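> Fold the following, please.
(chains A and B)
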Amino acid sequence: MPFTPITLKVNGAKYTIETWPMSRLIDVLREELMLTGVKEGCGEGECGACAVLLDGELVNSCLIPVLQADGAQITTIEGLTKNGEGHALQQAVIDNGGTQCGICTPGMLMAALNLVRRNPHPSETDIRNALAGNFCRCTGYQRIIDSVARVCREEKAA
Amino acid sequence: MNSVIGLPVRRNDGAEKVAGQSRYVDDLRMPAMLYGATVRSIVARGRITGIHFDDGIPWDEFTIVKAPDIPGKNCISLILDDQPCLADGFIHHPEEPVLLLAHADRYLVEEARRSVRIDVDPLPTIFNMEDSQARKEIIWGSDNIFKQFVIEKGNIDDIWATADFVIEGEYHTGAQEQLYLEPNGMIAVAAGGNVSVWGSMQCPYYAHNAVKKVMGLNDENVRMIQTVTGGGFGGKEDYPSVIAAHAALLAWKSGKPVKLVYDRAEDMAATPKRHPARIRHRTAVRADGKLLGMEIEFTVDGGAYATLSPVVLSRGAIHATGPYFCPNVRIRSQAVATNTPPYGAFRGFGAPQTLFAVERHMDRIAAKVGLSQAEVRRKNFIRKGQTTATGQEIRDDLDLSGMLDRALAQADYHSKKLRFSSENNRKQLKRGIGISAFFHGAGFTGSGERYLASIAGVEATANGEVRILTSATEIGQGTNTMLTQIAAETLSLSLDHVEIVTPDTAVVPNSGPTVASRTCMVIGRLIERAALDMKEMLQRSGLLASTYTPSEFRSACSAYIHQHGSLRVFVQYESPPDILWNDDTHRGDAYATFAWSVQVAEVSVDTATYEVRVEDFVAVQDIGRVIHPVLAAGQVEGGIAQGIGFALYENVIFKNGRMENCQMSNYIIPTSADVPPIRVFFVENPYAFGPMGAKGVGELPIDGPAPAIVNAIENAVGISLNSIPATPEILMKAIRSSGCLSHP
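Numbering: from 1, shown residues only, chains lettered A, B, ... in the order given. Have a look, this model is predicted:
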């Protein structure tokens, strides 16, 4: 199959790349755009480590052929830092012990961001369900859940 | 300076991790780098008769390494040196590496891997412990036995006649995959007779030793550098040595950097897991519930090569009596060979298996004797001054009874138990509550720490910055933050004056492996001693007063370095006094000290779907002084979540020795929707020979959840399960065959 030009708007910057249209979005982000904050944990859409926002929807970038993202706006973990300032969720995860080995953290934060944007006052069950597509093997989840809850309580989610 | 010990200071890798800026091995690339792949056997045992390269692949563009290409010794050096780096003529297990490939195109290399066919003349296989012990086929050594030994205390043979009850039970635990979220991987560079390997690992010096022998090089020609590591849990103790050796071989043969990163399926299918185990108990008990004698038989399936099985066996056996005093004990243990990929280290290292058995067995004893589950434990808890199965006297303060009370109170155990028993009859969703009590030895078993003789150190720069030099690895557990706290505290400096040097065998000394709940207690102590020595050197040389400011410390370092060239202190492990162990008889002080814990699990069992949910979890533990309360609690919570998986979900399915469910979509681990709130409480009895009084915490929490949960299931539905994982299918079978539970 021939290479195709694909246009992506990633973290606010526009890129046009020549690539095989069925390339996985994760590979384009990691290998072409060097956005290695997007992690591969399973390659089958199960663990959520590669989660990004695609036109505002939370997706596993290992399941998206890049053709499907042509013209889309994509936010990766790298896009959460603006002018050197991180998102309140990131700070809360550090303070509460919500990151250990750190491999799940970028995808987990994207899932948390997706939740708080849609539901600024989630219950603990809402948070548990919203993060259930993201595996963490280190923390037992409680400190991640507490981090999201704290940010929402302090109304820093926006 | 205010103390930084016991405070939740900010973890020093947190900011990079939440920003996605930490660089793990797969995030790195080098100029002209090739991608490696491993061609593995699909059969379990046999003689290799031929290797075929299918048409359609430009094989002349590939770097290909076979066993005869290995310049050094074809073995992965660990304990018995029986595991080849690449199979040479014979296959002993599925997924055994046979051939290595490398090419600049990572997609083509994967296609090429699938285009190599290995012809094997099959030989008879053994896939379970029973067949191995029956010697249906000799597949390893002369008797299929990697290691066996007996622990004896008192006189067990004379006790049976005096017992009021003799209670027997047989228990089984399954294989468990570590499932660190970052798959294994290495990048190797070979140039000018030197090999450097970067990658994800727990034990840089294990890999250093293995690569050195495979490549036939000297110590100074091999360099291992740890990259940010996405979890290990024991799974990155021994196998990274294999991957490092493979990457090194490909880099050496191609003359180019080679990246060898596993995908999830390869990582799950090929790398070690927790040993499946069978534990038999026969216990002599007095009418009042006192344990008189425990006869225990502990068998583990080691897989095809010895790897770490001898030491997993040893730790499991030593923990097999649980945290109880019993005057007469015999523990027979055996690690046997099967034609499955070798099992290895997983958090707990044999102890979760034997502690599952004994803690299920204590509930059985309680029922037989007519005591409550809490009281039968309380009656037998080991106390200060009493001895363990190996004859080790408990010298530190210990109050297991108080810990039990605290756990029961926090869990509201007694009133819940009453309520559940009155309400369960009427409900489809039945509730239950269960207890486990357990212990975990900190550091290597027996003489292990003496043999390791670990070294760690600190150095100062002329502007008063302190650098910690150790091969202890940060794998997520918070080692770097914890060691920084200990150095800063000892030197009365703030945390930002201390940094950790990345583990690189060309730079840091051999501090032993990052395993066995040893990092805080052993390496933390070395850093404390080295920092203290550094301070005393400066004070003795008259450059530093007994109290000082950071700027006075900086001036002292600067002056010292000006006079002597450098300021660097290394210290070596010294055993605490009166610690004696006999390797031949398995008697004596098995560990320098133990951490202790009581856990309470509350479950609900849906009698229509047979689904078990853990609804609440309380964990009380004595880990000595807590250096960092958030990191320590994080260890406990994470260990419990893995223990919940071990108990209920994590089921490795084998077919002819191969893992069939080597995907995250069919090997099930707990998610945020499955794990209950976990409530963690510390009891701090300072340990005199740990840094600031600390012991180890990493492994302890995973020892308890499985028995507590299965005990709770029995409390809920009256079904006694003796093997895990307790999946809905197993529970359904047990409930239906018992006929004791009618559906509402």
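
> And stretch B:145-160, what's buried?
Going by neighbour count (16 or more other C-beta atoms under 10 Å in any protein chain shown), the buried part of stretch B:145-160 is B:145-147, B:149, B:151-154, B:156, B:159. Every residue, glycine included, has its C-beta placed from N, CA and C.

> Nearest to chain A among those?
The closest of these to chain A turns out to be B:Phe146 (C-beta to the nearest C-beta; 28.3 Å).

> which residues touch the closest residue to chain B within chain A?
Nearest residue of chain A to chain B (C-beta to the nearest C-beta) works out as A:Gly37 at 2.1 Å. Contacts for A:Gly37 were tallied using C-beta atoms under 8 Å, 6 or more residues apart in numbering or on different chains; they are A:76-78, A:106, B:19-21.

> So which of those are in helices?
With DSSP state H as the criterion, helices contain A:Pro106 from among those.

> for the contacts of A:Gly37, which one is nearest B:Glu237?
The nearest member of the contacts of A:Gly37 to B:Glu237, counting by C-beta to C-beta, is A:Pro106 at 26.2 Å.

> And for the closest one, the neighbour number?
By the criterion of other C-beta atoms under 10 Å in any protein chain shown, A:Pro106 has 32 neighbours.

> ok, it touching A:Thr76?
Yes - between A:Pro106 and A:Thr76 there is a contact under C-beta atoms under 8 Å: 7.5 Å.

> and for these two, which residues touch both?
Residues touching both A:Pro106 and A:Thr76 (C-beta under 8 Å, 6+ apart) are A:37-38, B:20.

> could these be laid out in JSON lines, adding pLDDT and distance to B:Ser566?
Output for these, formatted as JSON lines (pLDDT from 0 to 100; distance: C-beta to C-beta, whole Å):
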{"residue": "A:Gly37", "pLDDT": "98", "distance to B:Ser566": "38"}
{"residue": "A:Val38", "pLDDT": "98", "distance to B:Ser566": "42"}
{"residue": "B:Gly20", "pLDDT": "97", "distance to B:Ser566": "37"}
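
> Looking at those, which is nearest A:Asn83?
Nearest to A:Asn83 among the shared contacts of A:Pro106 and A:Thr76, counting by C-beta to C-beta, is B:Gly20 at 16.6 Å.

> Which residues are in contact with the closest one?
A:35-38, A:76-78, A:105-106.

> quick one: which helix or strand includes A:Val52?
Applying DSSP states H and E as the criterion places A:Val52 in strand A:51-54.

> and residue 18, how many neighbours?
By default, I'm working from chain A. Count around A:Glu18 with other C-beta under 10 Å applied: 10.

> should've been chain B
Neighbours of B:Val18 (other C-beta under 10 Å): 29.

> Break chain A down into its domains, please.
Structural domains assigned to chain A are A:4-77, A:88-153, following automatic domain parsing.

> what about chain B, any weak spots by pLDDT?
For chain B, the stretches flagged by pLDDT under 70 are B:1, B:740-744.

> Pick out the residue of chain B closest to chain A.
Closest point on chain B to chain A, by C-beta to the nearest C-beta, is B:Gly20, at 2.1 Å.

> contacting residues around B:Gly704?
Taking C-beta under 8 Å, 6+ apart, we find B:Gly704 in contact with B:355, B:359, B:436-438, B:597-599, B:619, B:640, B:643.

> go with 10 Å
Each residue near B:Gly704 by C-beta atoms under 10 Å, 6 or more residues apart in numbering or on different chains is listed here: B:348, B:352, B:355-356, B:359, B:435-440, B:597-601, B:617, B:619, B:621, B:639-640, B:643, B:647.

> thinking again about what came up before, show me how to select, in ChimeraX, the buried members of the contacts of B:Gly20.
Here is the ChimeraX command that selects the buried residues among these (16+ other C-beta under 10 Å):
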select /A:35,36,37,38,76,77,78,105,106
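
> TSV for the contacts of B:Gly20, including distance to B:Cys203?
Output for the contacts of B:Gly20, formatted as TSV (distance: C-beta to C-beta, whole Å):
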residue	distance to B:Cys203
A:Leu35	31
A:Thr36	25
A:Gly37	27
A:Val38	29
A:Thr76	33
A:Ile77	29
A:Glu78	32
A:Thr105	24
A:Pro106	27
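
> In the contacts of B:Gly20, find the pair that's most separated.
The most widely separated members of the contacts of B:Gly20 are A:Leu35 and A:Thr105, with 14.7 Å between them, by C-beta to C-beta.

> State the next helix or strand along the chain beyond the top helix by length along chain B.
When chain B is parsed with DSSP H, its longest helix is helix B:351-369. Sequence-wise, the next helix or strand downstream of helix B:351-369 (DSSP H and E) is helix B:373-380.

> Need the CA coordinates for that following helix. PDB is fine.
The C-alpha trace of helix B:373-380 is given here as PDB (Å, rounded to 0.1, in the frame of the first residue of the first chain):
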ATOM      1  CA  GLN B 373     -10.800 -17.900  63.500                       C
ATOM      2  CA  ALA B 374      -9.400 -15.000  65.500                       C
ATOM      3  CA  GLU B 375      -8.900 -16.900  68.700                       C
ATOM      4  CA  VAL B 376      -7.100 -19.900  67.200                       C
ATOM      5  CA  ARG B 377      -4.600 -17.500  65.700                       C
ATOM      6  CA  ARG B 378      -4.200 -15.400  68.900                       C
ATOM      7  CA  LYS B 379      -3.600 -18.600  70.900                       C
ATOM      8  CA  ASN B 380      -0.700 -19.600  68.700                       C
END
